[in-house]
Structure formats: structure tokens, C-alpha cells
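Undergrad: got a sequence here, can you model it:
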Amino acid sequence: MQLNDAIKTRLENIMSEKSINSRYKVSRNAGLDPTLLTDFFNNRTAYPRIDTLYFICEGLNMTLGEFFNDPLFNIENIDEEKDSK
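TA: Have a look, this model is predicted:
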């Protein structure tokens with residue numbers, strides 16, 4: 001799995017766990033422009049910036065550590081091309 005797909009899957013899983021049914025709501029809770037998540041999920045941007053993820057996590061009442069503390073992010077599960085941007 002590519003890292004960006006793991007991030008998307010993790011966000012979707014958290015939204016499901018917290019019964020959040022829209023990315024718009026996640027964006028608004030994080031104080032972010034909703035197009036940031038839309039662009040990421042629609043592959044118009046490859047990755048969210050770390051500060052964007054930080055604010056998303058704050059909006060979801062979790063830390064970055066909690067976000068990345070998932071088997072999705074174990075090194076053996078990430079098949080990332082080194083030269084992708």
C-alpha cells in the first residue's frame with residue numbers, strides 16, 4: 001500500500017469509528033479549508049502536509065501519534081516509491 005493510500009484509509013477508518021459522515025465536517029472541525037481534504041482524496045495533491053494532519057488530528061480529538069499508531073503504517077505494509085512527491 002502506498003503511504004498516501006494508508007493515510008486516506010486511516011482517515012476513513014477514524015471517521016467511521018467516530019460516526020463522522022463527511023470530510024467537510026472533519027475539515028471544519030480542524031479549522032481547515034475543505035478543499036485540502038477534497039484535493040487529497042481526489043489525488044490532486046499527493047500528501048497532506050504534516051501541519052494539516054496535525055490540525056485534522058486536533059479536530060478529531062487525537063494526537064499525531066495516535067493517528068500513526070496503526071498497523072497500516074508498519075514499514076512492511078508501506079510500499080512507497082522513493083522518488084514520488
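
Undergrad: which residue ranges form the helices in this structure?
TA: In the chain, helices defined by DSSP state H lie at 3-17, 23-30, 35-41, 50-59, 64-68, listed in chain order.

Undergrad: among those helices, which comes closest to Ile78?
TA: Shortest separation from Ile78 across the helices of the chain is recorded for helix 3-17, at 5.4 Å, computed as C-beta to C-beta. C-beta coordinates here come from the backbone N, C-alpha and C atoms, glycine included.

Undergrad: for the closest one, buried residues please.
TA: If you call a residue buried by 16 or more other C-beta atoms under 10 Å, then helix 3-17 has these buried ones: Leu3, Asn4, Ala6, Ile7, Lys8, Arg10, Leu11, Ile14, Met15.

Undergrad: ok, stretch 46-65 next?
TA: So, applying 16+ other C-beta under 10 Å, buried residues of stretch 46-65: Pro48, Thr52, Leu53, Phe55, Ile56, Cys57, Gly59, Leu60.

Undergrad: how about the last one, nearest residue that isn't a chain neighbour?
TA: In this case it means Leu60. The spatial neighbour of Leu60 that comes closest, neighbours along the chain excluded (C-beta to C-beta, 6 or more residues apart in numbering), is Ile14 at 5.9 Å.

Undergrad: and the one you found, how far from Asp79?
TA: 22 Å (C-beta to C-beta, to the nearest Å).

Undergrad: please apply the same query to Ile7.
TA: In this view, Ile7 and Asp79 are 14 Å apart by C-beta to C-beta.

Undergrad: and Asn13, what pLDDT?
TA: According to the per-residue confidence, Asn13 scores 97 in pLDDT.

Undergrad: next, the contact list for it, please.
TA: The contact partners of Asn13, taken as C-beta atoms under 8 Å, 6 or more residues apart in numbering, are Asp70.
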